[in-house]
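Student: Curious how this folds, go ahead:
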Amino acid sequence: MPKDAPPRWDRRMQQRLARGEAAALGELYDRFASLVHSLAHRVLGDEKAADRTTREVFAYIWENPDAYDPKQGSMRSWVARIAQCQAVARLRQAERGRGSHEELEQKVRSASAAARADFIVTSMPAPLRAALELAYFKRRDYRQAAADLQISEDEARRRLRLGLQLLSTAHTLPLDETTLPGHGHHTRGTPR
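Tutor: Now for the predicted structure:
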């Protein structure tokens, strides 16, 4: 299998969604709903708005399963991108008329960076995430993290450095602010 081929689960899920299998949507929801909700909540700061955004994201996926392009990354990343774009659109709509355009754009940039950071952390391999959590939440230095994780100090330093490098991309990656293609028109009915 080529290095850039999507995981088998991603391809199979897309095919099932394209056939209109409501069970596939349920499985996708079970797998990614908490990710979508947490990203939306991070951007919007509101539970009800995050709930609505979560429903909208899965409705979009149900209506547009062919919008997923495996060459652009995993289904998880695609779902997260949709969630972020939808949450940013909702934030812009909610904030229109409140404050200046510059204030709104700064709020959007901050919320988007925070959502990307959350996604990066939850997508990290467990060893990197564990080292970062020890450093951030428990204020452990690399020596203490090494002892807690029962790894060498060099390995602890490497994990922390790599984890921080990954996190730093949350503020440098461009935000894909394009609207979702096909959003608003229904290509398929609501799943039963």
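Student: Next one: the closest residue in space to residue 18 that isn't next to it in sequence relative to residue 86, how far apart?
Tutor: In space, and not counting its chain neighbours, residue 18 is closest to residue 65: 4.6 Å by C-beta to C-beta, 6 or more residues apart in numbering. Any C-beta I mention is one placed from the backbone N, CA and C, and that applies to glycine too. From residue 65 across to residue 86, the span is 16 Å (C-beta to C-beta, to the nearest Å).
Student: ok, those two, which is more surrounded?
Tutor: Comparing residue 65 with residue 86 by neighbour count (other C-beta atoms under 10 Å), the higher total belongs to residue 86, at 25 against 22.
Student: May I ask which helix or strand encompasses that one?
Tutor: For residue 86, the host element (DSSP states H and E) is helix 75-95.
Student: Please save the CA atoms from whatever helix or strand comes next after that helix in PDB.
Tutor: Following helix 75-95 in sequence order, the next helix or strand is helix 101-123 (DSSP H and E). The C-alpha trace of helix 101-123 is given here as PDB (Å, rounded to 0.1, in the frame of the first residue of the first chain):
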ATOM      1  CA  HIS A 101     -13.800  43.800  12.100                       C
ATOM      2  CA  GLU A 102     -10.300  43.600  13.500                       C
ATOM      3  CA  GLU A 103     -11.600  42.500  16.900                       C
ATOM      4  CA  LEU A 104     -13.700  39.800  15.300                       C
ATOM      5  CA  GLU A 105     -10.800  38.500  13.200                       C
ATOM      6  CA  GLN A 106      -8.500  38.400  16.300                       C
ATOM      7  CA  LYS A 107     -11.100  36.400  18.200                       C
ATOM      8  CA  VAL A 108     -11.400  34.000  15.200                       C
ATOM      9  CA  ARG A 109      -7.600  33.600  15.000                       C
ATOM     10  CA  SER A 110      -7.300  33.000  18.800                       C
ATOM     11  CA  ALA A 111     -10.200  30.500  18.900                       C
ATOM     12  CA  SER A 112      -8.900  28.700  15.800                       C
ATOM     13  CA  ALA A 113      -5.400  28.400  17.200                       C
ATOM     14  CA  ALA A 114      -6.800  27.000  20.400                       C
ATOM     15  CA  ALA A 115      -9.000  24.500  18.500                       C
ATOM     16  CA  ARG A 116      -6.000  23.400  16.400                       C
ATOM     17  CA  ALA A 117      -3.900  23.000  19.600                       C
ATOM     18  CA  ASP A 118      -6.600  20.800  21.100                       C
ATOM     19  CA  PHE A 119      -6.700  18.700  17.900                       C
ATOM     20  CA  ILE A 120      -2.900  18.400  17.800                       C
ATOM     21  CA  VAL A 121      -2.700  17.200  21.400                       C
ATOM     22  CA  THR A 122      -5.600  14.700  21.000                       C
ATOM     23  CA  SER A 123      -4.000  13.400  17.800                       C
END
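Student: ok, residues contacting helix 101-123?
Tutor: For helix 101-123, contacts defined as C-beta atoms under 8 Å, 6 or more residues apart in numbering pick out 35, 38-39, 42-45, 76-77, 80, 83-84, 87-88, 91-92, 95-96, 98, 129, 132, 166-167, 169-171, 173, 175.
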